[in-house]
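Participant: give the three-dimensional model of this entry:
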Amino acid sequence: MGRGRSGRACGERRGARRSVGRGPSNRVGIGPIAVWDSLDRASGSGVAPFADAGGRLDPGSTQERQERIDFMRTIRNVAVLIAIAGAALTAVAGGQSGQQTQNRKSAPMPAAKQQQPYRQPQPQPAQTFNNDGAILTTMARQGNLRTFISLLAESGTSKLLQGDAKYTVFAPHDGAFNELDKAKLEELKRPENKGLLAAILSYHIVPGDFSAEVVKSQKFLPTMMGQRFSVSSGGTSIRVDQASMWKTDIACSNGVIHVIDSVLMPETNDVIDVLASAGSFKTLSQAFQTAGLMSTLEGAGPFTIFAPTDKAFEKLGQEQVQSLLQPRNHARLAALVNYHIAPGILYSDRLSMYPTIKTMHGDALHVTCDAQQWFVNNAQIVKSDVEAFNGIIHSIDAVLTPTAGTTASAAPSPRTQIRR
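Facilitator: Numbers count the residues shown, from 1 in each chain. Below is the predicted model:
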């Protein structure tokens, strides 16, 4: 299930992104985009919707936040239609099921060729633009971002960058797109793949206006797509995921542009496919199917799943597990598995902020830290922050048991209960 970190110490920050392989099917999960907190914080909770654990990222003005909300709702609706259509998924998957990578996220197109040697960013002179100095106009002036600009227009993502809200754009230069398989790139441009293309491009856009120096100080940055990417640095070099920042701090009237030398790829499998590809969650996957949750967990989300391993289910005993899977115990099984799912996305570096977590079952989970290890009720989190297109997965070593006599909720709350 990717390269999640085992035995994370309490309060330890997340480092490099996980890399997760495809599931056994030929399908690439591109359920609707996992919408970030701005959808739930627009009413004004006093918490920065795009802040990291230290609250260092600027949420922007009310108007800027509303523009982001409207954009993400539009992309989400498009992605729902794409998910229902289904046909485009097989085309993008390209028969590459079962393949796993160690250092890159699964993607709907072949991985880029070997990274070019990092070219140290050169200091950029301060630039001042008038009203025509917005992000799109400024990118056009660069002369080597034509493909990125064209794809932004084709996917509708360019509309996000036309307002007054501030954004930081990590723009792959034309050479980065030339490294991709041309057939797969053309496949992404087809109208039926518009949702997937918009998701990939939105993964290159971060809300807020952040110079290279600020980017360098972060461990990760949240994107408009919903997932966050890792940041690493050494000396003057800065990398975002697997891409090097090739040219930095191109100032615009509504943000800043950093040119990168590779196309960034978010995780494109949904939580069901990620669990299946791991190979150690067969019982949980069977339980989800028997309880009738497959369509829910392949949908919009986002979800946080506290996933018991097969060994965790073995602690219950074979007889009890088989009993739970019987049709007569459907309500009991549904209550059990819903107790392992929370609406929203909660990364492990936020656990200290939420001593209780509301679940789809209705009962709350209790988060504690003991001997530098995180526990959810009586279960230890043994691997954390494994990302999926529509959520995140934390592996646990015991099955969680809800309060006796309660039943599962029919559907997840429409509002995110967990603040990222």
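
Participant: next, residue 245: secondary structure please.
Facilitator: strand (DSSP: H, G, I helix; E, B strand; the rest coil).

Participant: beta partners of it?
Facilitator: Counting by DSSP bridges, residue 245 is bridged to residue 260.

Participant: got a pLDDT number for it?
Facilitator: Residue 245 carries a pLDDT value of 95.

Participant: touching, it and residue 260? I think so.
Facilitator: Yes - here residue 245 lies in contact with residue 260, judged by Cβ atoms under 8 Å, at a distance of 5.7 Å. (Glycine included, C-beta is placed from N, CA and C.)

Participant: list the residues that contact both of the two?
Facilitator: Residues touching both residue 245 and residue 260 (Cβ atoms under 8 Å, 6 or more residues apart in numbering): residue 170.

Participant: for stretch 300-317, measure first residue to last.
Facilitator: In stretch 300-317, first residue to last residue: 34 Å (Cα to Cα, to the nearest Å).

Participant: what's the mean pLDDT across it?
Facilitator: 93.

Participant: can you get me the start-to-end distance on stretch 289-302?
Facilitator: 18 Å.

Participant: nope, stretch 288-305 is what I meant
Facilitator: Terminal-residue distance, stretch 288-305 (Cα to Cα): 12 Å.

Participant: mind listing what's buried along it?
Facilitator: Under the neighbour-count criterion of 16 or more other Cβ atoms under 10 Å, stretch 288-305 has 288, 290-291, 293, 296-305 buried.

Participant: most widely separated two among those residues?
Facilitator: 290 and 302 (23.3 Å; Cβ to Cβ).

Participant: for burial, what's the neighbour tally of the closest residue to residue 173 other than its chain neighbours?
Facilitator: Once flanking residues are discounted, residue 173 sits nearest to residue 144: 4.7 Å by Cβ to Cβ, 6 or more residues apart in numbering. Neighbourhood size, residue 144 [other Cβ atoms under 10 Å]: 16.

Participant: next one: the one 5 residues further on
Facilitator: The number of residues packed around residue 149, counting by other Cβ under 10 Å, is 17.

Participant: and it, what does it touch?
Facilitator: 136, 139, 140, 158.

Participant: just the element for it, please.
Facilitator: helix 146-155 (DSSP states H and E).

Participant: which is the next helix or strand following that helix?
Facilitator: Going down the chain from helix 146-155, the next helix or strand is strand 167-172, by DSSP H and E.

Participant: touching that following strand from outside, list them.
Facilitator: Contacts for strand 167-172 (Cβ under 8 Å, 6+ apart): 135, 139, 145, 147-148, 160-161, 204-210, 215, 221, 224, 240, 243, 245, 254-264.

Participant: and with 7 Å instead?
Facilitator: 135, 139, 145, 148, 161, 204-210, 240, 254-260, 262-264 (Cβ atoms under 7 Å, 6 or more residues apart in numbering).

Participant: could you list the buried residues of whichever helix or strand comes after it?
Facilitator: Note on strand 167-172: by DSSP H and E, the next helix or strand toward the C-terminus is helix 174-178. Buried positions in helix 174-178, judged by neighbour count with 16+ other Cβ under 10 Å: 176, 177.

Participant: what packs against helix 174-178?
Facilitator: Contacting helix 174-178 under the criterion 3 or more Cβ pairs under 7 Å, 6 or more residues apart in numbering; DSSP states H and E are the following elements: helix 146-155.

Participant: and the helix it packs on, average pLDDT?
Facilitator: Computed over helix 146-155, the average pLDDT equals 94.

Participant: how far off strand 167-172 does that helix point, in degrees?
Facilitator: 120 degrees (axes from the mean of the first three to the mean of the last three Cα atoms, to 10 degrees).

Participant: CA atoms only for helix 146-155, dumped as CSV, please.
Facilitator: C-alpha atoms of helix 146-155 as CSV (Å, rounded to 0.1, in the frame of the first residue of the first chain):
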residue,chain,number,x,y,z
ARG,A,146,2.7,26.9,-24.3
THR,A,147,1.6,23.3,-23.6
PHE,A,148,0.7,24.0,-20.0
ILE,A,149,-1.3,27.1,-21.0
SER,A,150,-3.1,25.2,-23.7
LEU,A,151,-4.1,22.4,-21.4
LEU,A,152,-5.3,24.8,-18.7
ALA,A,153,-7.7,26.3,-21.4
GLU,A,154,-8.9,22.9,-22.7
SER,A,155,-9.7,21.7,-19.2
